[in-house]
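**Q** got a sequence here, can you build the structure:
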Amino acid sequence: MQISRLYSNLPNVFLPIAFNYGANSDRLNVVLAEVRKPKSKELDSHNLGKTTLLHLIDFLLLKGMSKEHFLAKHSERFDKFVFFIEIALSSGEFATIRRSVKEPNIIAMVKLPESSSDLTESPDDAWDHTELSLEEAVTLLDAWLDLRILKPYDYRKAITYFLRSQDDWSDELQLKKFQAGRDLYWKPFVAHLFGFNERAIQAKYELDDKIQGLRQKQNEQQAEVQFKEDDLPQLLAQISVLTQQVDELEGELDAFKFDAEERKIVRNLVETVEQDIATFNQQIYDIRYDIRQIDNSLNHKDKFDLDDVSEIFAESKLHFPDQLKRRYEDLVEFKSKVTKERNSALRSRRKALAEQLAKVETSKSELDSRREVQLRILRNTDTFDKFKGLQKELTKQRAQLVYMDEQRKKLESVAEIARQAREAERDRGRIVDEIKTMLVKNTPIYDKFKKVFNDYCQRVLNHEGLFYFQMNSNNNLEYVITLGLAGQAGKASSQGDGTSYKKMVCALFDLALLKVYEGTPFFHFVFHDGMLEALDDRKKLAFLELVREQVAGKKLQYIMTVIASDLPRNSAKKVVSFPSDEIVLRLHDDGPEGRLFRMGEF
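**A** Have a look, this model is predicted:
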């Protein structure tokens, strides 16, 4: 895939651009911005349309148009424009895309056996498709490009790597469009580019999301349940016992027999209620005692006064050495610090005890009420009163049974969610092991890229180019791209973190990736915006030499924007310019005719 032509229906405002491609792709495609009025303080070479051209190409290659896109922000200027781009396909055919600013989501496309100079006047029946939606157009162009290396991804996923704007020089792989999204949206694709199984990487992120969702749901449902997951067997046993008690009490009430129930009440009072009340009374006593001790400790104040000690020494006519005084001061300071920490711990402990006391007192109060009701039943000699009392007890037990059964259902749901989360965690563990095993086995693409990238870095930057994948502390895939220290194999240098070196490393990364894929149906072009800015002349010359060597095979189309003042100078301090057949677009600051769009600034 290479770009052959770019034009519009308004050629007097936007001049057609013919790129060097195919048999002529051994020549560079330079967009050169010149300063013709250096003395004018109101003009500069940074507002002529170099970067705008890149965004226009991306628009024609079917990027969605947001409100921030220059065509949308200035729609009043561009709504009459219809743009066309012609692409040379790997099959030898040519695809042309027609897209208007006014209706950017109604797209026309045609595929022809040969290049066509101009289709602006072609009627709709000359096009293969005239009313494609954006999604349909992307799908069709993806099929025409046939970049099978990218499958299951489409060409839009990777194209920004080869349309590098000024905003994309900060990271080799995490482009600006990826920075706002999650790693799930781009790291599996990066792994795929280097021949790894992206499904394992994607599955890891999906399992992370699944586990997080399950744990959140588990916590939400757990908040509605009095019991914990491990309490389920005990709860089931309690429900079984309570169910039996309710059934027996119902039977006795139906038969108007109370002896068995009275014996049960007595047994419950002696073996359970009274014993629990005694236990709660002991706990209340112990907690109140502990709180009183804490209060006494907190109210205790240190009475040590260094001035009093000094006065005693003075009255005794004894010398109080400064060194000893300092030791006392250190001791006092240390004791004060320890006291503050201890008091803080005591206050926290007192708060916890007060909360525990409130709970125990509430539980004891409930048992007292229960004991009172049961004793009233036992002491009552009136049969009907006993019947009514036992009916009330039956109602309470039924209500308790309903409550416990609802708790059981919720707790079973919590347990099931927890089981699913544990199963997902086991699956994630297996996936992590699979990824780790995968990363230690170099794929042919990965192995070849590392060699090419290292070679390019050494030739242009005189440093090793280090690139590898690893797992981070969260067991997620991450990559390391850096420069090695000269003469110290394998040791990273900090030079790759600098702005100018980072830009160069990004550019070399792109070239190396394109070199690795040059013999396959892949992108065979790259657009570097402002590549030579702020670079040392020696690095510029070395980089351009490398680019020319790579395009010499006519398998790469290289497009770049450059300001004339950034052109490199040779050892004789003479500007090294580009031949005229490599300058596909010349911009300048001498009026609207020098801009990409021959109109006023926007």
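**Q** residue ranges of the helices in the stretch 51-200 of the chain, please?
**A** Listed in chain order, the helices of the stretch 51-200 of the chain (DSSP state H, counting those that start in this stretch) span residues 70-73, 75-78, 134-145, 156-159, 176-179, 187-193, 198-222.
**Q** of those helices, which stretch is the most buried?
**A** Most buried of the helices of the stretch 51-200 of the chain, by mean neighbour count (mean count of other Cβ atoms under 10 Å): helix 187-193, with a mean of 22. C-beta: built from backbone N, CA, C; applies to glycine.
**Q** quick one: mean pLDDT over that one.
**A** Mean pLDDT, computed over helix 187-193, is 88.
**Q** repeat for stretch 513-526
**A** Averaged across stretch 513-526, pLDDT comes to 93.
**Q** now stretch 237-251
**A** Computed over stretch 237-251, the mean pLDDT rounds to 69.
**Q** kindly report the same for stretch 19-26.
**A** For stretch 19-26, mean pLDDT rounds to 95.
**Q** measure that stretch end to end?
**A** Counting by Cα to Cα, to the nearest Å, the length from the leading to the trailing residue of stretch 19-26 is 11 Å.
**Q** would you mark the buried spots in that stretch?
**A** For stretch 19-26, the neighbour count (16 or more other Cβ atoms under 10 Å) marks 19-22, 25-26 as buried.
**Q** before we move on, what about stretch 513-529?
**A** Those buried within stretch 513-529 under the rule 16+ other Cβ under 10 Å are 513-517, 521-529.
**Q** greatest separation within those residues: which pair is it?
**A** Largest separation among the buried residues of stretch 513-529 by Cβ to Cβ: 521 and 529, giving 25.6 Å.
**Q** before we move on, back to that, any chance of the buried residues of stretch 19-26 in JSON lines, plus distance to residue 220 and secondary structure?
**A** Formatted as JSON lines, the buried residues of stretch 19-26 follow (distance: Cβ to Cβ, whole Å; DSSP: H, G, I helix; E, B strand; the rest coil):
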{"residue": "19", "distance to residue 220": "58", "secondary structure": "coil"}
{"residue": "20", "distance to residue 220": "62", "secondary structure": "coil"}
{"residue": "21", "distance to residue 220": "58", "secondary structure": "coil"}
{"residue": "22", "distance to residue 220": "61", "secondary structure": "helix"}
{"residue": "25", "distance to residue 220": "59", "secondary structure": "coil"}
{"residue": "26", "distance to residue 220": "64", "secondary structure": "coil"}
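**Q** assess the claim that residue 62 and residue 107 are in contact.
**A** Yes - between residue 62 and residue 107 a contact is recorded at 7.1 Å, counting by Cβ atoms under 8 Å.
**Q** quickly list what's touching both of these two.
**A** By the contact definition Cβ atoms under 8 Å, 6 or more residues apart in numbering, residue 62 and residue 107 are jointly contacted by 97, 99, 134, 137.
**Q** could you dump the residues you listed into JSON lines with distance to residue 482 added?
**A** Below are the shared contacts of residue 62 and residue 107 laid out as JSON lines (distance: Cβ to Cβ, whole Å):
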{"residue": "97", "distance to residue 482": "39"}
{"residue": "99", "distance to residue 482": "40"}
{"residue": "134", "distance to residue 482": "39"}
{"residue": "137", "distance to residue 482": "39"}
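**Q** which of the residues you listed lies closest to residue 546?
**A** Relative to residue 546, the closest of the shared contacts of residue 62 and residue 107 is residue 97; by Cβ to Cβ it sits at 31.7 Å.
**Q** that closest one contacts residue 104, correct?
**A** No - when contacts are counted by Cβ under 8 Å, residue 97 is not listed as touching residue 104 (11.6 Å).
**Q** between those two, who's got more neighbours?
**A** Between residue 97 and residue 104, residue 97 has the larger neighbour count (other Cβ atoms under 10 Å), namely 21 against 18.
**Q** can you name the residues that contact that one?
**A** The contact partners of residue 97, taken as Cβ under 8 Å, 6+ apart, are 60-62, 84-85, 87, 107-109, 137, 141.
**Q** and residue 560, how far from residue 578?
**A** Distance, residue 560 to residue 578, using Cβ to Cβ, to the nearest Å: 9 Å.
**Q** brain fart, residue 19
**A** For residue 19, the distance to residue 578 equals 14 Å [Cβ to Cβ].
**Q** tell me which element residue 358 falls in.
**A** Following DSSP states H and E, the helix or strand that holds residue 358 is helix 322-379.
**Q** packing partners for whichever helix or strand comes after that helix?
**A** Beyond helix 322-379 in the direction of the C-terminus, DSSP H and E gives the next helix or strand as helix 383-439. Using 3 or more Cβ pairs under 8 Å, 6 or more residues apart in numbering; DSSP states H and E as the contact definition, the elements that helix 383-439 packs against are helix 198-222, helix 232-255, helix 322-379, strand 465-471.
**Q** rank these by pLDDT, which is bottom?
**A** Here the lowest mean pLDDT among the helices and strands packed on helix 383-439 goes to helix 232-255, at a mean of 67.
**Q** got a list of what residue 570 touches?
**A** For residue 570, the set of contacting residues under the criterion of Cβ under 8 Å, 6+ apart consists of 537, 541, 576.
**Q** nearest to residue 565 among the residues you listed?
**A** Distances from residue 565 to these, taken as Cβ to Cβ, are shortest for residue 537 (12.2 Å).
**Q** for the nearest residue to residue 194 once chain neighbours are set aside, grab phi and psi.
**A** Spatial nearest neighbour of residue 194, chain neighbours left out: residue 446 (4.4 Å); criterion: Cβ to Cβ, 6 or more residues apart in numbering. Backbone dihedrals for residue 446, given as degrees, to the nearest 10, come out at phi -60, psi -50.
**Q** state the distance from residue 446 to residue 277.
**A** Computed with Cβ to Cβ, the distance linking residue 446 and residue 277 is 73 Å.
**Q** also residue 472?
**A** When Cβ to Cβ is applied, the distance between residue 472 and residue 277 equals 57 Å.
**Q** more neighbours, those two?
**A** residue 277 (17 against 8).
**Q** within the helices and strands, which one has the more buried one?
**A** For residue 277, the element it lies in under DSSP H and E is helix 274-299.
**Q** tell me the helices and strands packed up against that helix.
**A** Helix 274-299 sits against helix 322-379, with contacts defined as 3+ Cβ pairs under 8 Å, 6+ apart.
**Q** name the element residue 442 belongs to?
**A** With DSSP H and E as criterion, residue 442 is part of no helix or strand.
**Q** sec struct for the nearest residue to it once chain neighbours are set aside, please.
**A** Residue nearest to residue 442 in three dimensions, not counting chain neighbours: residue 450, with 7.9 Å by Cβ to Cβ, 6+ apart. For residue 450, the assignment made with DSSP: H, G, I helix; E, B strand; the rest coil gives helix.
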